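> Quick one: sequence plus predicted model below, questions after.
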Number of protein chains: 4
Amino acid sequence: MALRREKMKNRNLHLGSQFLNIIMFGLFLAVMITNVAQAAGLPDPGMKIDPARTALVVTDPQNDFLSPDGVAWGVVGKNVVANNTVANIENLFKTAKNIGMPVFVSPHYYFPHDHRWQMEGSLERLMHNIGMFDRKDALSLDGFEGSGADWLTQYKPYIADGKTVVTSPHKVYGPETNDLVLQLRKAGIDKIILAGMSANLCTESHMRELMEQGFEVLVVSDATAAAQLPGLDGYAAALTNFRMIANHVGSTSETITAINTAYQN
Amino acid sequence: MALRREKMKNRNLHLGSQFLNIIMFGLFLAVMITNVAQAAGLPDPGMKIDPARTALVVTDPQNDFLSPDGVAWGVVGKNVVANNTVANIENLFKTAKNIGMPVFVSPHYYFPHDHRWQMEGSLERLMHNIGMFDRKDALSLDGFEGSGADWLTQYKPYIADGKTVVTSPHKVYGPETNDLVLQLRKAGIDKIILAGMSANLCTESHMRELMEQGFEVLVVSDATAAAQLPGLDGYAAALTNFRMIANHVGSTSETITAINTAYQN
Amino acid sequence: MALRREKMKNRNLHLGSQFLNIIMFGLFLAVMITNVAQAAGLPDPGMKIDPARTALVVTDPQNDFLSPDGVAWGVVGKNVVANNTVANIENLFKTAKNIGMPVFVSPHYYFPHDHRWQMEGSLERLMHNIGMFDRKDALSLDGFEGSGADWLTQYKPYIADGKTVVTSPHKVYGPETNDLVLQLRKAGIDKIILAGMSANLCTESHMRELMEQGFEVLVVSDATAAAQLPGLDGYAAALTNFRMIANHVGSTSETITAINTAYQN
Amino acid sequence: MALRREKMKNRNLHLGSQFLNIIMFGLFLAVMITNVAQAAGLPDPGMKIDPARTALVVTDPQNDFLSPDGVAWGVVGKNVVANNTVANIENLFKTAKNIGMPVFVSPHYYFPHDHRWQMEGSLERLMHNIGMFDRKDALSLDGFEGSGADWLTQYKPYIADGKTVVTSPHKVYGPETNDLVLQLRKAGIDKIILAGMSANLCTESHMRELMEQGFEVLVVSDATAAAQLPGLDGYAAALTNFRMIANHVGSTSETITAINTAYQN
């Protein structure tokens, strides 16, 4: 814990000195998102929000991605700050809860047996190496509270309100290994507003699988963020694929306006 | 048909004038691929090729992507030429067939009933609008020979040799809607060498779903290509996601060397 | 072909001498179905037919099951005759087409590569041994017309009307390996009226998978039939599992009445 | 709890008076199982146990099915006693643990949100009505210890040994909604020895889905049991379908002998 706090302090200093960079990057990003949204001649089928059949789905709203104390903050933190991801996800939660829109959360947990897998892709191995999303056991909450696997504190009122459906954990990146699709169908949902972490991994794999299952998907482009490494910009990759694959891509503010409009009718 | 030939001629002129651009882009690309392969500190789990358990899987080796006459050539052609995709896929086919490695092809077809879908993502709509991969009926081959849905002519000897397993068509981007996973399992395969079109759509969705199903996947980074539109570089997106998700990413020549080595032991 | 016709003649004689048995068995069956429908205290959730969201799904309406010339007739024929399966399926097709209800057919085909599977369950092996549902190639219709894999002749007008959605073939028993779920979702369907062959294999596996996918399923208990072997009554097994698992089980005549009523409102 | 104990006492009296019936039924059953195993001419492909690639999979080894205090005991208890299911499952656990065979458990849990499903099949509704497998929340163990959702006490040493892989819960009957298939693949398993509850529901749906996924499955016919209601014998249905679908069906004692033999070689 002390080590973690130390790391966090160093990061904060580092972040301080990067403040200007982030502002500049944010400006660049705003332009890029706009460009992507108008991308050359691609159809934009749109998604009409029907209150009876639409839900908010949030992937991995957990400390390891969204807290400066989380183990992945070093690679995703800059993009989380630039996109204003933490507040954007919260605004979506708040809007959905105020208006009565169903909310589903698909978490990511790893148990000790997952660390014994005989084969792992690149970031599966990395996540296991850094202890990301680790829990002691599916039937133990020992050490869970406040850990990297726990919800970001400010989201707990929305997730633990007795109405949000928290699915079983997904184990690679997509919902193929959990009950998200079934829970959505059992609630009569076939239109998804998708947000959460991280953009090109779990969020995108959820988008792709939900499309394969015949859902309509609207991805909220700034209520997500991704790892950005030299030569490997996960967020840019995700924006490209969201635009080419989803029914629609919109910002948090556009999406909230669309939700409010749909519920007024 | 006349219209198609006309369009093709115009494209060829256009391509001629773009020749220098492509060379320059190719050089840039070679550097980029190298950088991606060495990406900052990401694990590279690798994939040991075990001849008893490894197969070559090729997505969409069809005219609409790979022939200058295909309906998608306008957006993917530049990248197909830059990557030398057509020859690279053929070299993989040739290597596998010479050495006795199992080969599976996952095609993409659309039938008239697919054009009546009530909901479509962006590129699903585009593909339907331009008649991509269209066939008259699952039980009709009328007009199929030489159409955009047919195999690229030079691949036919490899695909129609009586040994290659051609699965049912996938219908969105991934193998969730066909029998690829079952066919691989029934052949005792759990390691995949993945190539084909297009990089960030069907190839990437196949990679993601095969990983969710517990296969090991090696993606051949230059035996694929993608649509490149202003602000939307499908190939760059795919390279990022391949590197972060797959067990290994390698070029065609590295992969062929690895196959040959594995079979000698 | 001559051999087949010879076998068919022998079967007809045999069937003639069994006529009385079948009548008796039919009476017994009518009683049994009624009993099952009232089964001790089990909930019967029912399925409200909403014309906008309901489809008829038919599995394997093919010669090998339903024609006295089919390779499986020896084991399923008695039950097909007793249930009046052929006419019941046709009445469902006719009702759906008259009234404009969407119809989906999930066929069963085997290609030469399926015969090279390294592992097979009991009836998978049997089907391969007897050449059931065999076709030359996915891209060949050579020898298909009138074969065991072809539709029962009297169903062709309903299946080939340009409106029925014929999915890719399933390969074991369920729709996990084809595009049925996607096609239903893309048509806005979430309620299924299920009929076809054979009751405890493909029909039941379709019911189970459709339930796992969150569809509501009404199984038509006498528009199906199964293999009945000494000590192994596939139809009795199916009736038990339909009753315990589906949303509702009804006879063809009840179901047709329910469809007509739903469409009048 | 007092209510539960009262119900249990009544059941025990009832069971006492049924003792003779059970013995008789057991004798009948032994004959039936033998007959099924020799079923007329069906192929029996068998499953060669390869220690490197084989695992024991147990569905629902939980109080609600296997304890006289469980909510489903009234309908499954007679069959559990007749088959000697509790001891047979324990003998499989013990054999696997002694010899080092990997063990996977697929549990069944329902959370409050599952009770809000808008559509349910017959036994889904029943399970919800009787509070079967109920837990307070995925992130709460409040009231879990010793509840109907908890493991049968005598199995806890095998399940909680730090080696058994406990998957996420399945939500209908099959593993489509959990991570069982992935966990098996990540452990290099492609051959399954299947046992657990209940025979024609979760056990059979696991068998069917594992077959669709290309696993080989050996079902242990007396390490399972099912609900038996007037006119609806779930166990008879399961035996029929196991025999027709699986690679092999064997008794506990045969299976233990086969495991021991395989590990000696």
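Cool, got the structure. Numbering: from 1, shown residues only, chains lettered A, B, ... in the order given.
> those strands in the stretch 51-200 of chain A, which residues are they?
For the stretch 51-200 of chain A, the strands defined by DSSP state E, counting those that start in this stretch cover A:54-59, A:103-106, A:165-166, A:191-196.
> List the residues that contact the residue nearest the centre of chain A.
Centroid-nearest residue in chain A: residue A:196, 1.4 Å away (criterion: Cα atoms, centre = their mean). By Cβ atoms under 8 Å, 6 or more residues apart in numbering or on different chains, the contact set of residue A:196 is A:57, A:58, A:59, A:60, A:61, A:89, A:106, A:202, A:203, A:206, A:223, A:224. Placement of C-beta: from N, CA and C, glycine included.
> what does chain A have sitting close to chain C?
Residues of chain A lying close to chain C by Cβ under 8 Å from any Cβ of the partner chain are A:181, A:182, A:184, A:185, A:186, A:188, A:190, A:212, A:213, A:214, A:215.
> Near the second one, how many residues? Count them for me, please.
When neighbours are defined as other Cβ atoms under 10 Å in any protein chain shown, residue A:182 has 22 of them.
> Touching, it and residue D:177? I think so.
Yes - assessed by Cβ atoms under 8 Å, residue A:182 is found in contact with residue D:177 at 5.1 Å.
> which residues are in contact with both of those two?
Both residue A:182 and residue D:177 are in contact with C:212, D:171, where contact means Cβ under 8 Å, 6+ apart.
> so how far is stretch A:87-97 off the chain centroid?
On the basis of Cα atoms, centre = their mean, to the nearest Å, stretch A:87-97 sits 12 Å off its chain's mean C-alpha point.
> That one near chain D at all?
No - for stretch A:87-97, no contact with chain D is found by Cβ under 8 Å from any Cβ; the gap never falls below 15.2 Å.
> ditto for stretch A:47-57
No - using Cβ under 8 Å from any Cβ, stretch A:47-57 stays clear of chain D, coming no nearer than 10.8 Å.
> got the residues of the stretch 51-200 of chain A near chain D?
By Cβ under 8 Å from any Cβ, the residues of the stretch 51-200 of chain A that approach chain D are A:112-114, A:116-119, A:138-141, A:144, A:162, A:165-166, A:168-169, A:171-172, A:176-179, A:181-183, A:186-188.
> filter those residues to the buried ones?
A:113-114, A:117, A:119, A:138, A:144, A:165-166, A:168-169, A:171-172, A:176-179, A:181-183, A:186-188 (16 or more other Cβ atoms under 10 Å in any protein chain shown).
> re earlier: turn the strands of the stretch 51-200 of chain A into TSV, columns for mean pLDDT.
Formatted as TSV, the strands of the stretch 51-200 of chain A follow (pLDDT from 0 to 100):
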stretch	mean pLDDT
strand A:54-59	98
strand A:103-106	98
strand A:165-166	98
strand A:191-196	98
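> possible to save these as JSON lines with distance to residue A:246?
JSON lines is the format used below for the strands of the stretch 51-200 of chain A (distance: least, Cβ to Cβ, whole Å):
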{"stretch": "strand A:54-59", "distance to residue A:246": "13"}
{"stretch": "strand A:103-106", "distance to residue A:246": "17"}
{"stretch": "strand A:165-166", "distance to residue A:246": "22"}
{"stretch": "strand A:191-196", "distance to residue A:246": "8"}
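> To residue D:78, which of the ones you listed lies closest?
Nearest of these to residue D:78, taken as Cβ to Cβ: strand A:165-166 at 36.6 Å.
> If you count contacts, what does that closest one end up packed against?
In this structure, strand A:165-166 makes packing contacts with strand A:103-106, judged by 3 or more Cβ pairs under 8 Å, 6 or more residues apart in numbering or on different chains; DSSP states H and E.
> For the strand it packs on, which outside residues touch it?
Applying Cβ under 8 Å, 6+ apart, the contact partners of strand A:103-106 are A:55-61, A:93, A:96-97, A:158-159, A:163-167, A:169-170, A:175, A:178, A:180, A:183-184, A:189, A:196, A:202, A:206.
> Tell me the buried residues within the residues you listed.
When neighbours are counted using 16+ other Cβ under 10 Å, the contacts of strand A:103-106 contain these buried positions: A:55-61, A:93, A:96-97, A:158-159, A:164-167, A:169-170, A:175, A:178, A:180, A:183-184, A:189, A:196, A:202, A:206.
> Excluding sequence neighbours, find me the nearest residue to residue A:76.
The shortest distance from residue A:76 to any non-neighbouring residue, by Cβ to Cβ, 6 or more residues apart in numbering or on different chains, is to residue A:227 (5.2 Å).
> my guess is the one you found contacts residue A:74, does it?
No - under the criterion of Cβ under 8 Å, residue A:227 is not in contact with residue A:74, lying 9.1 Å apart.
> Show me which of these two is the more surrounded one.
Neighbour comparison, residue A:227 and residue A:74: the larger count goes to residue A:227, with 26 against 14 (by other Cβ under 10 Å).
> quick one: contacts for that one?
A:72, A:75, A:76, A:79, A:198, A:200, A:201, A:234, B:244.
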